[in-house]
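[1] I'd like to go over a predicted model; first the sequence, then the structure.
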Amino acid sequence: MSLVPRFLFSVGLILGFAPAWGATLEYLTLNNLIAKSTAIVEGTVTSSSASYTNGVIYTHYQIAVQQQWTGSAQTSIDVLVPGGTVKGIRQTFPGTPQLIPGRQYVLFLWTSSKNLTFPLGFTQGIFNLVSGSSGTIAAQMPTTETMLSQQTGHAVNNQPISMPLAQLVAEIHSASTQSGGGTKQ
Amino acid sequence: MMRRPGRLARVGLLALCATPAAAYYHYVHYLNSSSPYAVAFEKFDLTGLPNKTVTFFVSDSGPTSYAANDSFPSVLAQIRNATQVWNAVASSDLRVAFGGLQAADAQQNAPAGIIVFDDQMPPGVLAFAGHAVSSTVAAAPDGTQFLPIVQSMVHLNANLAQPAAANPEGYTGPSYSESFFTTLVHEIGHALGLQHTYTAAAMSTAVSRATNRARPIDADDVAGISLLYPRAGFMAGFGSISGQVTMQGQPLHMASVVAILPNGSAVSSLTLPDGTYEIDGLPPGNYWVYVHPLPPTSDIQSPVDSSNNPILPSQPFVSTFYPGTWDPTQFTSIAVAQGAAVTGINFAVQPRSAVEVYDVTSYWYSNPASSYDQPAFLNLNTAVQTVVAQGNGITSGPDSTPVTNVTALGAPGGSLPEYSQQVYADADTSLNVSVDLLAMYFDYTATPAAGPEHLLFILPDDIYVLPQAIQMVQNPAPAITGVTPNSDGSVTVTGAGLAADSSVFFDSLPGQVTVPYAADSTGGASGSVSVMPPPGASSQTATITVFNSDGQNSTFLQSGSAPAFSYPQVNAPSATLSLAGLPQGASAMIQVTGSNMQFAGGLTTLGFGSSDVTVPRVWVLSPTTAIANVIVSPSAATGATVASVISGFQVYEQSPGFHIVPAEPALPLLNLPVANAFSPVQNSLYPGAIASILGQNLVADSGKLQLTVSGQTAQILYSSATQINFVVPATINVGPAVLALNNGRTDAYPVVLQIDPQPPVIVSVTATGGAVLDGSVSATPGASITLAVTGLPSAVASAPNRVAITEGGINIPAFTIQQATDGSGNLLISFALTASVTGQQVPVTISLDGDLSMPFYINVAATVSSSN
């Protein structure tokens, strides 16, 4: 008699477990990132500062935009990430990303109803640009904490996206075209 | 010569008030750059908290949307439940309170926690939590250094409805789900200063967590919070294990070392930069110890140096058990005694290129139609059962091969006879994510013990331990078959798998049992229990869930069809307070009168929307009247605050509802609580007890000083401007009593005293064999003794958790209670003296619900050395 239970064929139905809230992230595919962002840009962090917004310290990263593929055209963007230091008080939120001044990124951004702009899915919306030995530039999403599938609650195996920048741009163009959105250069 | 296991270990006694110096999973700062490391934790400054209490408030804006049958009152009740979990840790000196609602612009000076439902979160983020710390290193009264937390924050997505129909037990809501509760406990743990662990405790990551409503925190959580905020004597009540972890002769930083009971809990710690570690807070027992690397997804903030630069973990390594083995038959069992330190448990591990196996979780298929649950519950009366494990690298990976063996650690344990690897596509097809699963078939050759079992996954080049992967249970999960409202307002719940320990919850609150559980007349597994629902909101539909003490609940079998109870439609609740405000530094009784509210004991909260105002206790006098002691900090921010009165699911908010005004220089100020002058550890006042009031301006004209308790004049034994000692009137009734003071010129604000019954008395002590231990007869170290005690109700024989025994000020964890057979009415309490206490006189006390007996002193003989 086979001991393989039939439930293995319905494992994704419903799960009832809780998230790892330090920051709890919902897994976003590249298509999700493209579809849910209000702007996708390539830019360099020119400066950072921190200030309180609604009782939370946010680090504001000023991004000088080199390329923009979706969203309203901007030359500079103020991107917020929870956490930072103001007047000797340091707020930390485990799981939130840090950007490095002078470094270049591809950013999938989302602007809220109060006109605050965040990286989509925090770490998930930030791709490092890394020069390869062959001269190509790769876009890499950094390793993140355990993420959850929105629909099932499953922990999703850690699969950070890494691909040549040209391929990432092509994917953005392709997805934007399919969704009827325009792209900007 | 007999060779003892674990000879490398050296055992010593801990100093009674030793200061922990280990790096648990806290937020750590190294204040120097070489061994021995000076460690400073990020934590609340107890001296800056009113009554050592951090209060958590909920932003009064609330969530924007809810799952079916969910509501803001249910959310609030669940948050209150979660704060009470941490507040109940007796070995921690930090108290945690729920303060009701708070306005977004609240002005306050005392550190606090705030829970915000955030409508500005970007997609892909469900929650984030953390705290704010001062950059200035502070020193505690015991000399330890720390960085003070000035505020803690938990931001939850304001949309509690997602992901709606796809997952009714979803991970953001509903608030009455067990997962929402355990997640709140986890989040508040972060807010108090704890990071992630890998022990299946509340602070473990979600995929490895095994806590539930019945056991919301575990030994690891108790150790973590108690190390951060140790109550006096904490270290002496537990044991410790320490050692060093090295790799190729070099010390490893941030290696996770875990002490685990074969059929119980685990407690862990991280290594310092010199590779040393110390696991404190271990309940007595025989432990295995293993070391594992942190996974890449750990989301643990690395310690920082004195320049705030992070000191990252050392490179990955191969996990191993002490003494360097993967074979369970070779694990060394390390005996940990109360107050004892085991040292020299060292590891030399092997490097590997990356952590390959991590984020492993175990599932159990509880309902063929609907649900899986984590962790797995297996019924020990069922022959072959299946558990599924999922995780990175467990079945395959770029640098590893699949699991070659799985062993259930713990009696009877052993290798599993059969398991198979399955690869299954996640149902969320839009993600196109593959999920690797390992199906395991449990076919025990002998009946296993009830309780947790751990799984050891063995791969060709590594091992992985999943603590508490399985919960062995004796009874089936509860299932509700009927809910019948009764004319007296109670509700009878009928079902299978219910038991005397079943709790019936209405959304996030339990009903009060009116008719205890009884099996039905057929003698089958069905039965019923009647409960009075908690006070409900108008027209509220509450989901009913039954929780059993073994961790199982009725959603295991009925996640998609949980029964509900409908509350009647009533007018909006409101309340009035007897005082509209208080000056800075004042303590006072406030009476609350409700309208369209039903106050219920243990379910009523009075809040003032400011961390500068604390409410240590609420007494419910009737369904519409409650009284409370309210304390305003001397450094409180003046101004208007939100007042909130919450009973069950009935919520009344008034803004502004309370005013903090500047201090009045001549006002008599009473510090609360009013203490028993007999002993600082005696928690209660009783008729005839001597009590002590501390404060300011207590006496202005000693000839006219007046002090009454419940209207009876109290005999004053001593008085000064800062202290009054008095006798609680001997004829006073048990219960809340109003203390009124006039210092000869000015009335103080009245406050409430809780008057308890007379404490128990230890009348005699006998050793095994019947020898009476008086001043002339000594006990042998470790001897079993029996206390004859008066003043204890016989009912405590079946409710021993109401009783606490201390030996030398340290709680005795294991004891038995039985009725004396000599007709005296005494209760006999038996326990074993601590074996390490020798050649001294040791005080033993009994307490009932915190009412402490006078100590009985037992002479313990010195150990006589023997040679062989």
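    Perfect, thanks for sending it. Numbering: from 1, shown residues only, chains lettered A, B, ... in the order given.
[2] hey, let's count contacts and neighbours off CA atoms from now on
    Fine.
[3] May I ask which helix or strand of chain A has the lowest mean pLDDT?
    Taking mean pLDDT, DSSP states H and E as the measure, chain A has strand A:14-15 as its least confident helix or strand, at a mean of 25.
[4] Name the residues of the lengthiest helix in chain A that come out as buried.
    Ranked by residue count, the top helix of chain A under DSSP state H comes out as helix A:165-178. For helix A:165-178, the buried set under the neighbour-count rule, 16 or more other C-alpha atoms under 10 Å in any protein chain shown, comprises A:165, A:168-169, A:172-173, A:175-176.
[5] With respect to chain B, which of these is nearest?
    Using C-alpha to the nearest C-alpha, residue A:175 comes nearest to chain B of these, at 14.4 Å.
[6] That closest one: what's it in contact with?
    Counting by C-alpha atoms under 8 Å, 6 or more residues apart in numbering or on different chains, residue A:175 touches A:31, A:34-35.
[7] ditto for residue B:123
    A:26, A:36, A:110, A:120-121.
[8] Could I get the residues you listed in a markdown table, plus columns for pLDDT, secondary structure and neighbour count?
    Below are the contacts of residue B:123 laid out as a markdown table (pLDDT from 0 to 100; DSSP: H, G, I helix; E, B strand; the rest coil; neighbours: other C-alpha atoms under 10 Å in any protein chain shown):
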| residue | pLDDT | secondary structure | neighbour count |
| --- | --- | --- | --- |
| A:26 | 75 | strand | 23 |
| A:36 | 91 | helix | 18 |
| A:110 | 96 | strand | 27 |
| A:120 | 92 | coil | 28 |
| A:121 | 87 | coil | 27 |
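[9] Closest to residue B:210 out of those residues?
    residue A:26 (21.4 Å; C-alpha to C-alpha).
[10] was I right about that closest one contacting residue A:120?
    No - checked against C-alpha atoms under 8 Å, the pair residue A:26 and residue A:120 is beyond contact range at 10.4 Å.
[11] shared neighbours, the two?
    With C-alpha under 8 Å, 6+ apart as the test, residue A:26 and residue A:120 both reach B:123-125.
[12] Among those, which ones are in helices?
    Taking DSSP H, every one of the shared contacts of residue A:26 and residue A:120 sits outside helices.
[13] I'd like these laid out as CSV, including pLDDT.
    Output for the shared contacts of residue A:26 and residue A:120, formatted as CSV (pLDDT from 0 to 100):
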residue, pLDDT
B:123, 86
B:124, 83
B:125, 84
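[14] Please narrow those to those residing in strands.
    In this view, the shared contacts of residue A:26 and residue A:120 that belong to strands under DSSP state E are residue B:125.
[15] Columns distance to residue B:375 on top of the shared contacts of residue A:26 and residue A:120, output as CSV?
    Shown next, in CSV, are the shared contacts of residue A:26 and residue A:120 (distance: C-alpha to C-alpha, whole Å):
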residue, distance to residue B:375
B:123, 29
B:124, 25
B:125, 25
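[16] Per-residue pLDDT of residue 13, please?
    Let's take chain A. Listed pLDDT for residue A:13 reads 23.
[17] look at chain B instead
    Residue B:13 is given a pLDDT of 38.
[18] go on, residue B:614?
    So, for residue B:614, pLDDT stands at 94.
[19] Disregarding residues adjacent in the polypeptide, which is nearest to it?
    residue B:631 (5.2 Å; C-alpha to C-alpha, 6 or more residues apart in numbering or on different chains).
[20] Which other helices and strands does the one helix or strand that neighbour maps to contact?
    If you go by DSSP states H and E, residue B:631 is part of strand B:625-632. Under the contact criterion of 3 or more C-alpha pairs under 8 Å, 6 or more residues apart in numbering or on different chains; DSSP states H and E, strand B:625-632 touches strand B:587-595, strand B:613-622, strand B:751-755.
[21] 6 Å - rerun?
    strand B:587-595, strand B:613-622 (3 or more C-alpha pairs under 6 Å, 6 or more residues apart in numbering or on different chains; DSSP states H and E).
[22] Adjacent strands (with direction) for that strand?
    strand B:587-595 (antiparallel), strand B:613-622 (antiparallel) (DSSP bridges).
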